[in-house]
Structure formats: C-alpha cells, structure tokens
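# Predicted model follows, preceded by the sequence.
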Amino acid sequence: MDNEDELKFTDLIQRVKMRHNDVMPTMALGVQELKEDLGKKVGLNELPEIHQFLDRFYMSRIGIRMLIGQHVALHRPNPPPGFIGLICTRVSPVEVAQLAIDDARSACMRTYGGSPEVHVYGDPSFTFAYVPTHLHQMVFELVKNSLRAVEERFSNTEQDSPPIRVVVADGLEDVTIKISDEGGGIPRSGISKIWTYLYSTAKSPVSDDKQQLLEMPPVMAGYGYGLPISKLYAKYFGGDLQVISMEGYGTDAYLHLNRLGNVQEPLP
C-alpha cells in the first residue's frame, strides 16, 4: 500500500463519516414516531430493550466516528499545535466550558429572548488531554438544560433569574465539572426517566416536514437525547455523568472525565 492508496482510503472513510452525519436526527425521528404509535399506554420504563439497543448503537457509533476522525485528523497537512489527531494534549476545561456556555446562551436567547447568567469557577491555565469536541458537546447539553429550566421558571416572575454555576475541579483521577442551577429541579420519580431516549422535558420538535427536521442543527432539544448521549460520551473515555436534583429548588449535574488514560474502549 503506497502513499496514494493511503490518501484514497483516508478520503473514502471521510466521505463515509460525512454520509452518516444525519443518523442521530433520523434515529431520533424514528424513536419519536415509535413513541407516538405506542401511545400513552406503554410506560417509558417498559421498553428496556429499546434503550439497551440504542445505548449499544450509539456507543458503537461514537467509537467508529472517533476512529475515523482520528485517522483523518492525523493526515491533515497542518495540524493545530498541541493536537494528536482529534486529541488535544492541553485542553483547558474552563476555556472549553466557556465556549460551550456562550453557544448555549446564544441558543437560549434565540428561543426565549433572554438568558440567565452563567458563572464559571476554576483555573483557566489548568489543562489535560481530552477530545475538546466531546467536552464541548457534553457541557453544552448540560448548560442548555439548566438555562432552559431557569428561564422557564423565572421568565414570568418579577424575580431576577439566579445565575448558573459551573465549577471545574482538578482531581488526581478525574476532572469533574459541576453544573448547578436553581431551575426548580426534577421530581425523584422522574430522575430515572431522564436517561431514557423516549423522554424529554422540552417540547418535541417533530413536525410534518420530515426533511426540514433532518436539516435542523443537531442541538437535539426536544428529542430526549441530550443527557443519554452525553453520558455515553463521558463513559467512552472512562468517565461518567450523574444528576442529583432537589425538587422545588434546582439540579446539580456532575460530569466526571477520566484523566488516567488507563480505560479500554467500552464497546458492546
């Protein structure tokens, strides 16, 4: 296999990766239609085989796209400094979190016309090795959920919206990011539902125009995909995502990112 074959192979798998960019909204649409067909008679927790299949499917997809993306990125002629493929050896979680927060607040402004403040606590100079696109995706989803909860709780009141707090902690084993809000919390009976693919607290985006739906930005609000997919991204590199809620007050989300690099790929 010579250099020309290598370039052809790289171009081929890049086109394969791009061809499957719409898989998540397509699958989300299928799950929403399934949910509508089943109606309200079937409970969310009565279909564990669907959730198990989707967990396996999406974890495999994350792994495949990571491998393809890594191969393609290693063949870039001018890689960004500090990067080995998709992996940045000097990711600042505070800086990535701030970029994700800016994106989430922009989305909140577009939807509601306003956005609560978000305060970040942590050392911006602290860095570790991670995939910044994965980290951005997870923090964006968590902050977006908190912004929506706070905005919907306080938008029709005379009270000022309390700020959301994002804390970055540097541990020996994990880098942990905590997102805390005062958006009213989740009932204890609803905590298990937030990890399913058939549940969303946001209004469903399903419309009659299927093509328009597939062309929407992959924000996933209303699909019920944000939290379960974020948990898979965290688990892919040996981390985890936990949500602890205080009904009537707010929610804390803990995003644990493994920094030891001693975890095997958790493929099914």
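It's in. This is a predicted model, so every value here is computed, not measured.

# all strands for the stretch 101-250 of the chain, in order.
With DSSP state E, counting those that start in this stretch, the ranges of strands along the stretch 101-250 of the chain come out as 118-121, 128-130, 164-170, 174-181, 240-246, 250-258.

# Using CSV, please lay out the ones you listed together with distance to Lys193, mean neighbour count and mean pLDDT.
(C-beta placed from N, C-alpha, C; glycine too.) CSV is the format used below for the strands of the stretch 101-250 of the chain (distance: least, CB to CB, whole Å; neighbours: other CB atoms under 10 Å; pLDDT from 0 to 100):
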stretch, distance to Lys193, mean neighbour count, mean pLDDT
strand 118-121, 26, 16, 98
strand 128-130, 29, 18, 95
strand 164-170, 22, 20, 97
strand 174-181, 18, 22, 98
strand 240-246, 11, 16, 97
strand 250-258, 14, 22, 97
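
# Throw those strands into a markdown table and include distance to Asn145, thanks.
A markdown table is the format used below for these (distance: least, CB to CB, whole Å):
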| stretch | distance to Asn145 |
| --- | --- |
| strand 118-121 | 12 |
| strand 128-130 | 21 |
| strand 164-170 | 10 |
| strand 174-181 | 8 |
| strand 240-246 | 9 |
| strand 250-258 | 8 |
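
# Tell me which of those strands approaches Ala73 most closely.
Distance to Ala73, taken as CB to CB, is lowest for strand 128-130 among those, at 14.4 Å.

# what sits up against that closest one?
Under the criterion CB atoms under 8 Å, 6 or more residues apart in numbering, residues Ile87, Cys88, Thr89, Arg90, Val91, Pro93, Asp170, Val175, Phe237, Leu257, Arg259, Gly261 lie in contact with strand 128-130.

# how does it look with 6 Å?
Contact with strand 128-130 is made by Thr89, Val91, Val175, Arg259, as judged by CB atoms under 6 Å, 6 or more residues apart in numbering.

# Look up the pLDDT of the second one for me, please.
Translated: Val91. The model reports Val91 with a pLDDT of 96.

# Tell me the bridge partners for the closest residue to it other than its chain neighbours.
Sequence neighbours aside, Tyr130 is the residue nearest to Val91 in space, at 4.5 Å (criterion: CB to CB, 6 or more residues apart in numbering). Applying DSSP bridges to Tyr130 gives these bridge partners: Cys88.

# Quick check: Tyr130 vs Pro93, distance?
8 Å (CB to CB, to the nearest Å).

# Same question for Ala169.
On the measure of CB to CB, Ala169 and Pro93 end up 9 Å apart.

# Equivalent analysis for Arg15, please.
Using CB to CB, Arg15 is found at 33 Å from Pro93.

# For the two, work out which one has more neighbours and name it.
The residue with more neighbours, out of Arg15 and Pro93, is Pro93; 27 against 9, by other CB atoms under 10 Å.

# so what's the more buried one up against?
Pro93 touches Val168, Val175, counting by CB under 6 Å, 6+ apart.

# redo that, cut-off 8 Å
Pro93 is in contact with Gly122, Phe126, Phe128, Tyr130, Leu135, Val168, Val175, Ile177, Leu257, counting by CB under 8 Å, 6+ apart.

# What subset of the contacts of strand 128-130 is buried?
Val91, Val175, Arg259 (16 or more other CB atoms under 10 Å).

# Identify, from the residues you listed, the entry nearest to Ser230.
Looking across these and measuring by CB to CB, the closest to Ser230 is Val175, at 15.3 Å.

# end-to-end on stretch 173-187?
Start to finish, the residues bounding stretch 173-187 are 31 Å apart (CA to CA, to the nearest Å).
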